[in-house]
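> one predicted model, sequence on top.
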Amino acid sequence: MPVYLITGNDGPTIAEAAKKLVQQIGDDDPFALEVYEEDEEKTAAQVVAEVIASIMTPSMFGGAKTVWLRNFEALTETPLPEALTGNVKRLAEIISDEFPPDVTLVIGGLDIAQKQLLAACKDVGKVEIHKRPEITNRNWRREVAHLIGQACGKRGMVLAPESIDYLLEVIGVQTGRVPGEIEKIFCYAGASPTPAQVQDVCTGNREAVYYALSNAFGDRDLQAAYDAITQLMANHKNPESCAIGLIRQAAKFFHQLLEAKLLCATLKVRRPQQLAGAIGKMAPEHKTRFKHYGLRDKSDWLINKTAGQAARYSGPELVGAVAILAEADRYNVSSSLPRRLVLEALAARVISPAR
């Protein structure tokens, strides 16, 4: 029995999945597709009532038809209006007992948790759950990396670890962007894109904006830092605000380098590329001690890369860098100095090798 319910907490992905499903069903006849959606003129209960009526009414010219309840978000409300509850239960009953064989029903919407409706769709059709990883979940990077790997597999693409980590910064938990970003990369660079090509094509998330500058700090490359500052501020609507954001993001980055330095020292890691493995084998007391270290939640490749960048600085240099960044942040609040000047000055003080 062709009944499909597509839900979860990832709105863009749900909408796209429902659209693709309707396209796959392939009703070229416009009279064989009926779409129902909430608007200002209809309550959610009225929309469900129209869907019920459509299911129970034969196609205008006979034959099969598709009924699509699109972008239905009313079931996220608590408590539900009585009329809506009654109509949704009636829809579930029709799906279970009275559903006509020549109708395909597609329901797409956020957080559809009405138990009777879910149970009915599972019993006689298919339920898809598209759950967006939560940024507060320490495993979100692994979940999104898995989706990136699946999308690459469909295209026969191979991405370098650096490219995958860059995409994680660009995409964040916006999993609906994964297929589109992979498609853009494939069209631009083919099945084996370089990290530079990936960065050329994929931009847009706030975290990704700081990627180039963080790398310059980590590599102790002052010219690369100046180039990144110039590019970032030239493309920002509010350069002064951009400079403040860059300084604060740099402070977070150096805290991460400090974490790597402390972990290497405590776990007696001699080579940076061994840190991820050492974290995986930590003793219980170390797991407790370092449980709040954000670096532990990164990919193995990024952990080892961060450890390598931290090795370019001594412990006192990293502590000093954090102090310099805090001082620069205070200047931005209390001083009339141009923000870019403050940013470039701190880059020079932090990156220049100690004499």
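Noted; the coordinates are in hand.

> what are the boundaries of the strands in the chain?
3-8, 33-36, 65-69, 103-108, 126-130 (DSSP state E).

> packing partners of the fourth one?
Translated: strand 103-108. strand 3-8, helix 11-25, helix 44-55, strand 65-69 (3 or more Cβ pairs under 8 Å, 6 or more residues apart in numbering; DSSP states H and E). To be clear about C-beta, it is placed using only N, CA and C from the backbone, and glycine gets the same treatment.

> so which of these comes closest to Ala348?
Relative to Ala348, the nearest member of the helices and strands packed on strand 103-108 by Cβ to Cβ is helix 11-25, separated by 42.3 Å.

> in JSON lines: the strands of the chain, plus mean neighbour count, mean pLDDT and distance to Tyr293.
As requested, these are exported to JSON lines (neighbours: other Cβ atoms under 10 Å; pLDDT from 0 to 100; distance: least, Cβ to Cβ, whole Å):
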{"stretch": "strand 3-8", "mean neighbour count": "23", "mean pLDDT": "90", "distance to Tyr293": "31"}
{"stretch": "strand 33-36", "mean neighbour count": "18", "mean pLDDT": "90", "distance to Tyr293": "50"}
{"stretch": "strand 65-69", "mean neighbour count": "23", "mean pLDDT": "92", "distance to Tyr293": "46"}
{"stretch": "strand 103-108", "mean neighbour count": "24", "mean pLDDT": "93", "distance to Tyr293": "40"}
{"stretch": "strand 126-130", "mean neighbour count": "16", "mean pLDDT": "88", "distance to Tyr293": "31"}
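
> dump those strands to CSV, plus distance to Arg90.
Formatted as CSV, the strands of the chain follow (distance: least, Cβ to Cβ, whole Å):
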stretch, distance to Arg90
strand 3-8, 15
strand 33-36, 15
strand 65-69, 14
strand 103-108, 14
strand 126-130, 19
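
> and the helices in the stretch 201-350 of the chain?
Ranges of helices in the stretch 201-350 of the chain, per DSSP state H, counting those that start in this stretch, are 206-209, 211-219, 222-234, 239-266, 275-280, 284-289, 300-310, 315-334, 339-351.

> could I get those as CSV with distance to Pro161?
Shown next, in CSV, are the helices of the stretch 201-350 of the chain (distance: least, Cβ to Cβ, whole Å):
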stretch, distance to Pro161
helix 206-209, 16
helix 211-219, 14
helix 222-234, 20
helix 239-266, 17
helix 275-280, 11
helix 284-289, 25
helix 300-310, 4
helix 315-334, 24
helix 339-351, 25
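
> geometrically speaking, which residue is the centre of this structure?
Val173 (1.8 Å; Cα atoms, centre = their mean).

> nearest residue to that residue other than its sequence neighbours?
Pro133 (4.8 Å; Cβ to Cβ, 6 or more residues apart in numbering).

> confidence-wise, which of the helices of the stretch 201-350 of the chain is weakest overall?
The weakest mean pLDDT among the helices of the stretch 201-350 of the chain belongs to helix 206-209, with a mean of 51.

> what number of residues lie near the residue lying closest to Tyr188 once chain neighbours are set aside?
Distances taken as Cβ to Cβ, 6+ apart place Val201 nearest to Tyr188, at 4.9 Å, with adjacent residues excluded. By other Cβ atoms under 10 Å, 16 other residues sit near Val201.

> so how far is Lys42 from Val201?
When distance is defined by Cβ to Cβ, to the nearest Å, Val201 is 42 Å away from Lys42.

> so who does Leu168 touch?
The neighbours of Leu168, taking Cβ atoms under 8 Å, 6 or more residues apart in numbering as the test, are Arg141, Val144, Ala145, Ile148, Ser299.

> OK, contacts around the first one?
Same thing as Arg141. By Cβ under 8 Å, 6+ apart, the neighbours of Arg141 are Leu168, Asp297, Lys298, Ser299.

> farthest-separated two in those?
Leu168 and Asp297 (11.2 Å).

> re earlier: the residue nearest to Val173 contacts Glu143, correct?
Yes - counting by Cβ atoms under 8 Å, Pro133 touches Glu143, with 4.3 Å between them.

> right, and the helices of the stretch 201-350 of the chain - which one's nearest Met60?
helix 206-209 (49.4 Å).
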